[in-house]
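Engineer: Turn this into a model:
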Amino acid sequence: MSERPDFDPSTLVIHSNRSYEMQSNSILFPIHQTATYIHESVGVTKGYGYSRGANPTVNALEQAIAAIENTATALCFRSGMSAIHTLCMAILKAGDHVILSDVIYGGTMRLFHQVLGNFGIEYSYVDTSSAAPVEAAIKPNTRLIFLESPANPTLKISDIRGVSEVAHKHENILVAVDNTFLTPLLQDCLALGADVSMLSTTKYIDGHNATIGGSLATNDEKLVERLRLVRKTIGSIQTPFDSWLALQGIKTLPARLEVHCKHAKQIAAWLEAHPRVAKVNYPGLDSFPQKALAASQQSDFGGMLSFELDASTEDSLRFMNALKLCTCAESLGSVETLATNPATASHCDLTREAREALGISDRLIRLSVGLEAPKDLIADFEQAFAAVFGSKA
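Structural biologist: Numbers count the residues shown, from 1 in each chain. Below is the predicted model of the structure:
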């Protein structure tokens, strides 16, 4: 459907902006696994010339993501990091300054510290939970404020609306948000004032650990064309097959998110009540210090949480190794419940002191709550507690 009716999300992800294959009337849009396209005559194409620039299957996924972002289009990339890299290459130059959320994915930190910094791009880590520290950190050469909310792995919330209002007092500052933990269905960061929404489509969009991908969405048409040019030039476009798989995943996104949220609330409450758990980070808990801010900009609290045991790092890792139903693996947002230790995974490049300053202890466990029955997950936690702590659990 080329038009975009006022559908509920469960209908939107299936029908709005849907691309159809007209030759056979296949209900599933096909995989256009091709490098190049036949010209009808010299210089005349059907809109596609070379798959480094554009591909029909990739475009079908872009239209599906644009529908949930409520933008005219979206652009898809080979990974979430590729999306961030392309954004930076499109809008930054040597001497420009970027403000980053102080708690942010380790890969984003690595991009700036080990790659972009070598090209003369300046960056600062700032507390983005309120607008005031951001306003104080803005320099004459600031061009981008990159937020991650909720943040990986502590679930720290950025004040997207407040930061966007501060940024837009200045003529040349864009605000981008890594919205991977929630997707636009739970947090519409563009409506909150951000200029760019970024997703790692690997996570909830796909939902099945089948693909690696990323997306950018914006209402700025000039920026879209700039991103398109840079993507084509550096070759960061998503692949047709991964796009096709993500197209199948996005159709169940609203249904999956509803269950992820429901289960995460139950698991977070159970963990918080357990005597062996020292702390749970989950925006839906009354104990979460930023619950009110989260509730003001999110429609639900998501499927991600992190927690610390009242135990040593060694015993915390033994607890993770004792899990049987929960899978110890990186990534998140899939139907399976995944547990990871950020200190040895996503944030392993940071020193212990730097991690601890951000609330990322060596014993912190991040949990992506899946679609398994909560009672089965709780039983797995109970057997792991018993395996590590015995009757004292």
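
Engineer: how about stretch 106-115: buried residues?
Structural biologist: Of the residues in stretch 106-115, 106, 107, 108, 109, 110, 111, 112 count as buried by neighbour count, 16 or more other Cβ atoms under 10 Å. In this view, the C-beta of every residue, glycine as well, is placed from N, C-alpha and C.

Engineer: gap between the helix or strand hosting residue 381 and the chain center?
Structural biologist: Assigned by DSSP states H and E, residue 381 belongs to helix 374-389. Here the centre of helix 374-389 is set off from its chain's centre by 28 Å, with Cα atoms, centre = their mean, to the nearest Å.

Engineer: Might you specify the subset of the buried residues of stretch 106-115 located within helices?
Structural biologist: Counting by DSSP state H, the buried residues of stretch 106-115 place 106, 107, 108, 109, 110 in helices.

Engineer: can I see the domain layout of this structure?
Structural biologist: Using automatic domain parsing, the domain ranges for the chain come out as 9-250, 253-392.

Engineer: Run a quick neighbour tally on the nearest residue to residue 255 once chain neighbours are set aside.
Structural biologist: For residue 255, ignoring the flanking residues on the chain, the nearest one in space by Cβ to Cβ, 6 or more residues apart in numbering is residue 10 at 6.6 Å. Neighbours of residue 10 under the rule other Cβ atoms under 10 Å: 15.

Engineer: related to what we said a few turns ago, what's the closest of the ones in helices among the buried residues of stretch 106-115 to residue 72?
Structural biologist: Closest approach between those and residue 72, by Cβ to Cβ: residue 108, at 26.6 Å.

Engineer: And the nearest residue to the closest one once chain neighbours are set aside, what's its pLDDT?
Structural biologist: Spatially, and ignoring its direct neighbours in sequence, residue 108 is nearest to residue 84 (6.2 Å; Cβ to Cβ, 6+ apart). On pLDDT, residue 84 comes in at 98.

Engineer: Do I have it right that residue 84 meets residue 214?
Structural biologist: Yes. Counting by Cβ atoms under 8 Å, residue 84 touches residue 214, with 7.4 Å between them.

Engineer: Which of those two has more residues huddled nearby?
Structural biologist: Neighbour tally, residue 84 and residue 214, criterion other Cβ under 10 Å: the higher count belongs to residue 214, 28 against 25.

Engineer: For that one, give me its contacts.
Structural biologist: By Cβ atoms under 8 Å, 6 or more residues apart in numbering, the contact list for residue 214 reads 76-84, 198-202, 238.

Engineer: hang on, the earlier thing: which of the ones in helices among the buried residues of stretch 106-115 lies closest to residue 34?
Structural biologist: Closest approach to residue 34 among these (Cβ to Cβ): residue 107, at 30.6 Å.

Engineer: Any regions of the stretch 251-393 of the chain where pLDDT drops low?
Structural biologist: Applying pLDDT under 70 to the stretch 251-393 of the chain flags the ranges 392-393.

Engineer: make it 80
Structural biologist: Along the stretch 251-393 of the chain, the model assigns pLDDT under 80 to residues 345-351, 354, 391-393.

Engineer: could you pull out the helices for it?
Structural biologist: Secondary structure of the stretch 251-393 of the chain (DSSP state H, counting those that start in this stretch): helices at 253-273, 291-297, 313-322, 352-357, 374-389.

Engineer: returning to that earlier point: list phi and psi for the residue nearest to residue 255.
Structural biologist: Phi and psi for residue 10, reported as degrees, to the nearest 10, are phi -60, psi -30.

Engineer: mind listing the helices for the stretch 51-200 of the chain?
Structural biologist: With helices called from DSSP H, counting those that start in this stretch, the stretch 51-200 of the chain shows them at 56-69, 80-91, 106-110, 131-137, 160-167.

Engineer: out of these, nearest to residue 286?
Structural biologist: Of all the helices of the stretch 51-200 of the chain, helix 160-167 comes closest under Cβ to Cβ, at 22.2 Å.

Engineer: any idea how far that closest one is from the chain center?
Structural biologist: Here the centre of helix 160-167 is set off from its chain's centre by 20 Å, with Cα atoms, centre = their mean.

Engineer: helices or strands up against it?
Structural biologist: Contacts defined by 3 or more Cβ pairs under 8 Å, 6 or more residues apart in numbering; DSSP states H and E place helix 160-167 against helix 131-137, strand 142-148, strand 174-178, helix 291-297.

Engineer: Now do the second one: everything it contacts.
Structural biologist: If you take Cβ under 8 Å, 6+ apart as the criterion, strand 142-148 is touched by 84, 87-88, 91-92, 96-101, 103-105, 108, 128, 134, 158, 160, 163, 167, 170, 172-178, 180, 194.

Engineer: Got a quick ChimeraX command for the buried subset of those?
Structural biologist: Buried subset of the contacts of strand 142-148, written as a ChimeraX selection, criterion 16+ other Cβ under 10 Å:
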select :84,87,88,91,92,96,97,98,99,100,101,103,104,105,108,128,134,158,160,163,167,173,174,175,176,177,178,180,194
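
Engineer: one step back: I'd like the helices and strands packed on helix 160-167 as a markdown table, with distance to residue 386 appended.
Structural biologist: Listed next are those as a markdown table, based on distance: least, Cβ to Cβ, whole Å:
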| stretch | distance to residue 386 |
| --- | --- |
| helix 131-137 | 44 |
| strand 142-148 | 36 |
| strand 174-178 | 37 |
| helix 291-297 | 32 |
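
Engineer: what's the closest of these to residue 360?
Structural biologist: Of all the helices and strands packed on helix 160-167, strand 142-148 sits nearest to residue 360, with 13.4 Å by Cβ to Cβ.

Engineer: Could you check the angle the closest one makes with strand 174-178?
Structural biologist: Interaxial angle, strand 142-148 versus strand 174-178 (axes from the mean of the first three to the mean of the last three Cα atoms, to 10 degrees): 20 degrees.

Engineer: okay, the helices of the stretch 51-200 of the chain, which one's buried deepest?
Structural biologist: Stretch with highest mean neighbour count among the helices of the stretch 51-200 of the chain: helix 56-69 (a mean of 24; mean count of other Cβ atoms under 10 Å).
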